[in-house]
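# Based on what follows, work out the 3D shape:
(2 chains)
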Amino acid sequence: MGTVRVEGLGKAYKQYPTRWARLAEWVLPFASTRPALHWVLRDISFHVAPGEAVGIIGINGAGKSTLLKIITGTTQPTTGHVELTGSVAAMLELGMGFHADFTGRQNVFMAGQLLGLGLGEISQLMPQIEAFAEIGEYIDQPVRVYSSGMQMRLAFSVATARRPDILIVDEALSVGDAYFQHKSFDRIRQFRKSGTTLLIVSHDKQAIQGICDRAILLDGGRLAKEGQPEAVMDFYNALLADRQNQTVQQRALDDGRVATVSGTGEATIVEVRLLNARGEEVEVVDVGELVALEVKVCANVRIPRMVVGYMIKDRLGQTIYGTNTHHLENPLHDLEKDERASFLFHFRAALGPGTYSIAVALHSTDSHLVNNYEWRDMALVFNMVNISQPTFVGNAWLPPSVEVRRA
Amino acid sequence: MSTMFHALWAYRGFVLGSVKREFQLKYRNSLLGAAWTVLNPLAMIVVYTVIFAEVMKARLPGVDTTFAYSIYLCAGALTWGLFSEIVGRAQNIFLEHANLIKKLAFPRMTLPVIVILSAGLNFAIIFGLFLLFLMLTDSFPGWSLLAMIPVLIIQVAFSVGLGVTLGVLNVFFRDVGQFFGIFLQFWFWLTPIVYPASVLPESLQSVLPRWNPMAPIIAAYQGIFVTGQWPDWSTLKMPAVVALVFCAFGLRLFRRRAGEMVDEL
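Residues are numbered from 1 along each chain as shown, chains lettered A, B, ... in the order given. Sure, this is the predicted structure:
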């Protein structure tokens, strides 16, 4: 079965001061000219159990792709080692080994052989590959006439033609149109159900939270955080936010979830409350009820422009709705030091039954990436219950009026 | 070692497919197709034959048939072509497939094998025509043709050992590729292929086969095809040893530097 065990992994690239220095190192083995080592990964250790799905996130240059390359075996680690059990399929780049002058079908054979499949096996898988790619007659046309989306479809179909014990994916999923993205995700989910271990690099929050059991955050080549996808994702978002002078804290909530607070602290969130129509604080809200979100803030220094934003997330951490006072064209200007303000957002709770959380952020422009004063995940948790509406399922409350006609 | 052959065997489909694809690719969008495989060396042979045999009236000492010089030239030039194709392609093989090497885990040793096989295929085609020509002109060498097999094995081993060595070095020091291109030209003219060895000054005649491993190999082919004589095996000892040394050295170099090579590509 597919397990991945990474132990004390480190990768350094050699940097020589001049071209001749390398030659000197080769021919004069005892010469003192050692190359400078440039470390891109350090002390990475983690395990992935059979059937587990782990997401790897991090900013560009954090070492994600290098890590995957070492795990798949194309690149050798400088320190530590990787142990894999089971068959591995890696999609570091789709369409490797495709040649523009050959037809899709010929390329499928070529790419399949490069993955170590036999001719007979590929012929056997061919109808299924063709059907999954859905590129029709084009399969017998040279790849040079394909659109890039079609190439990706075909490449993905070949790469996943056979279910591996371990599937390693590097951002390859953000390819193709929405329809094919769905389809490829479905295939990966199916693999998971049948027991495939998954290791996936993505910037796509939905993908990580939707598929993964666990997430690993790489920062500057080190393992910065490991844990539930939602908590790690929040931590990552906090890191992303303007990296100057910020503190990031995480504390565990009673239900085991983790709340993240980050920001420069130039302004702070004093209180966040959810109020019903009578102005009373509530934790349980009926579907369709009118509620108000109250955010009280305090400026710790003079703030020229303040925007307050909030996001309602479902139990999986997927954002259901979010906006801010920039988009609502209601920013607050020129707050003096120690001045307090409160913001009230009135809305109808058109949400399905379940638990929801609200994240609140204070910043200066349309997003929290510049001047993030404070960002508070899980500032508030509330429950939706259905008391007064007819039974329905889902996260959104979209009450229909029904018309039925007998023919 | 055995794991390497195991991996090569497991990827035989990829190797054969690549050879086939390379062959198709070369002539895919040309009208004459595979004919070009033949036309290129044929043109060279015609040029040399016309210039040396007709214009400069070069004659092989001791042999005086119409086609003797052409046969002599073909025996050397065609086999030299195989040598230079393998070495020339092998020295660029890792650079050429940099993207594949960086992104996919597959046995890297398949790459030189593909080079050998596809050079071998080209050689087989042109050499088949050469044999046909020998039969038509009634100058077929007879049983001594069998002696070609061991000579060919030594030659291919030497080519691939040298090629892989240069290929690995070329990744780290790109000068190697440039330098060898020039070196190969000198090497060609320092090997008696176009001219008979007897035209060389006495001093060089004895020195050359000792320092140039290709000289005894080419001389063996020429002996087989021009006069139908079995090669003097003792002259092939040096090339065989050199071939083994290069194969071992190339393999060791490749193994030691394979990891670093990926970082450098």
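# what number of residues lie near residue B:222?
Applying other CB atoms under 10 Å in any protein chain shown, we find 24 residues neighbouring residue B:222. In this view, the C-beta of every residue, glycine as well, is placed from N, C-alpha and C.
# shouldn't residue B:123 be in contact with residue B:81?
Yes - if you go by CB atoms under 8 Å, residue B:123 and residue B:81 touch, sitting 7.2 Å apart.
# Point me to the residue of chain A nearest chain B.
Across chain A, the shortest distance to chain B (CB to the nearest CB) belongs to residue A:76, at 3.2 Å.
# What are the boundaries of the strands in the stretch 151-300 of chain A?
With strands called from DSSP state E, counting those that start in this stretch, the stretch 151-300 of chain A shows them at A:166-170, A:197-201, A:214-219, A:222-227, A:247-252, A:258-263, A:267-275, A:284-286, A:290-299.
# circling back to that earlier point, out of residue B:123 and residue B:81, which sits in the busier spot?
residue B:123 (22 against 18).
# Tell me the secondary structure at that one.
helix (DSSP: H, G, I helix; E, B strand; the rest coil).
# Which residue lies closest in space to it, excluding its sequence neighbours?
Nearest residue to residue B:123, sequence neighbours excluded (CB to CB, 6 or more residues apart in numbering or on different chains): residue B:82, at 4.4 Å.
# same question, residue A:310
Here the residue nearest residue A:310, using CB to CB, 6+ apart, is residue A:360, at 5.0 Å.
# Pull the number of nearby residues for the one you found.
22.
# Go ahead and confirm residue A:264 touches residue A:370.
No - using CB under 8 Å, residue A:264 makes no contact with residue A:370, being 10.8 Å away.
# Between these two, tell me which one has more neighbours.
Each of residue A:264 and residue A:370 had its neighbours counted (other CB under 10 Å), and the higher figure belongs to residue A:264 (21 against 11).
# in chain A, which helix or strand is least confident?
Least confident element among the helices and strands of chain A, by mean pLDDT, DSSP states H and E: strand A:247-252 (a mean of 67).
# The host helix or strand of residue B:217: what's the following helix or strand?
Per DSSP states H and E, residue B:217 falls inside helix B:214-222. As assigned by DSSP H and E, the chain's next helix or strand after helix B:214-222 is helix B:237-264.
# now the angle between helix B:214-222 and that following helix, please.
On the basis of axes from the mean of the first three to the mean of the last three CA atoms, to 10 degrees, helix B:237-264 is oriented at 120 degrees to helix B:214-222.
# tell me the SS of the most centrally placed residue in chain B?
Closest residue to the average C-alpha location of chain B: residue B:83 at 1.4 Å, with CA atoms, centre = their mean. Classification of residue B:83 using three-state DSSP returns helix.
# any idea how far it is from chain A?
Per CB to the nearest CB, to the nearest Å, residue B:83 is found 27 Å from chain A.
# now the closest residue to chain A within the stretch 51-200 of chain B, what's its secondary structure?
Nearest residue of the stretch 51-200 of chain B to chain A (CB to the nearest CB) works out as residue B:105 at 4.1 Å. Here residue B:105 is recorded as coil under three-state DSSP.
# quick one, what contacts it?
Shown in contact with residue B:105 (CB atoms under 8 Å, 6 or more residues apart in numbering or on different chains): A:72, A:73, A:74, A:88, A:90.
# hmm, 10 Å instead?
Shown in contact with residue B:105 (CB atoms under 10 Å, 6 or more residues apart in numbering or on different chains): A:69, A:71, A:72, A:73, A:74, A:75, A:88, A:90, A:92, A:115, A:116.
# List the contacts of the residue nearest to residue A:17 when sequence neighbours are not counted.
Of all residues not flanking residue A:17 in the chain, residue A:36 sits nearest, at 7.6 Å (CB to CB, 6+ apart). Residue A:36 sits next to A:12, A:13, A:14, A:15, A:16, A:17, A:21 when contact means CB under 10 Å, 6+ apart.
# OK, contacts around the third one?
Taking CB under 10 Å, 6+ apart, we find residue A:14 in contact with A:21, A:22, A:25, A:34, A:35, A:36, A:37, A:38, A:78, B:260, B:263, B:264.
# which one is residue A:78 nearest to, not counting chain neighbours?
Nearest in space to residue A:78, with sequence neighbours left out and distances taken as CB to CB, 6+ apart, is residue A:12 at 4.6 Å.
# Identify the residues contacting stretch A:323-341?
A:266-267, A:270, A:295-312, A:343, A:345, A:347, A:360-368.
# from those residues, which would you call buried?
Buried subset of the contacts of stretch A:323-341 (neighbour count, 16 or more other CB atoms under 10 Å in any protein chain shown): A:266-267, A:295, A:297-300, A:303, A:306-312, A:343, A:345, A:360-364, A:368.
# what's the pLDDT at residue 243?
Because you didn't say which chain, this covers chain A. Note on residue A:243: pLDDT of 57.
# wrong one, chain B
pLDDT for residue B:243: 92.
# Which residues are in contact with it?
Residues in contact with residue B:243 (CB under 10 Å, 6+ apart) are B:153-162, B:213, B:217, B:236.
# Pretty sure residue B:144 sits against residue B:229.
Yes - contact criterion CB atoms under 10 Å: residue B:144 and residue B:229 qualify, at 6.3 Å.
# mean confidence for stretch B:104-121?
What stretch B:104-121 shows for mean pLDDT is 88.
# Can you tell me the number of residues neighbouring the closest residue to residue B:72 other than its chain neighbours?
The spatial neighbour of residue B:72 that comes closest, neighbours along the chain excluded (CB to CB, 6+ apart), is residue B:226 at 5.1 Å. Using other CB under 10 Å, residue B:226 has 24 other residues around it.
# residues in contact with residue B:226?
Residues in contact with residue B:226 (CB under 10 Å, 6+ apart) are B:60, B:62-63, B:65, B:67-69, B:71-76, B:139, B:141, B:196.
# could you say which helix or strand contains residue 69?
All of this refers to chain A. Element membership of residue A:69 [criterion: DSSP H and E] is helix A:64-72.
# Switch to chain B, please.
Assigned by DSSP H and E, residue B:69 belongs to helix B:68-90.
# Let me see the residues that make contact with the helix or strand that that helix is followed by.
Remark: after helix B:68-90, the chain's next helix or strand is helix B:93-96, criterion DSSP H and E. Helix B:93-96 has contacts (CB under 10 Å, 6+ apart) with B:89, B:100-101, B:108, B:111-112, B:114-115, B:163-164, B:166-168, B:170-171, B:174, B:177, B:254, B:257-258, B:261-262, B:264-265.
# Can you pull the residues of the stretch 51-200 of chain A lying near chain B?
Residues of the stretch 51-200 of chain A found near chain B (CB under 10 Å from any CB of the partner chain) are A:65-66, A:69, A:71-78, A:88, A:90-94, A:96-97, A:99, A:101-102, A:106-107, A:109-122, A:142, A:170.
# do you know how far residue A:364 is from residue A:331?
Distance from residue A:364 to residue A:331, counting by CB to CB, to the nearest Å: 8 Å.
# How about the residues of the stretch 1-150 of chain B by chain A?
Residues of the stretch 1-150 of chain B lying close to chain A by CB under 10 Å from any CB are B:7, B:10-18, B:20-22, B:24-25, B:28-29, B:97, B:99-108, B:110.
# filter those to the buried ones?
B:11, B:13-15, B:17-18, B:20-22, B:97, B:100-108, B:110.
# and the helix or strand encompassing residue A:14, which residues are buried?
Using DSSP H and E, the element containing residue A:14 is strand A:3-15. Buried residues in strand A:3-15, defined by neighbour count with 16+ other CB under 10 Å: A:3, A:4, A:6, A:9, A:10, A:11, A:12, A:14.
# Save those as a markdown table, and put in pLDDT too.
Listed next are the buried residues of strand A:3-15 as a markdown table, based on pLDDT from 0 to 100:
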| residue | pLDDT |
| --- | --- |
| A:3 | 85 |
| A:4 | 86 |
| A:6 | 87 |
| A:9 | 86 |
| A:10 | 87 |
| A:11 | 87 |
| A:12 | 85 |
| A:14 | 82 |
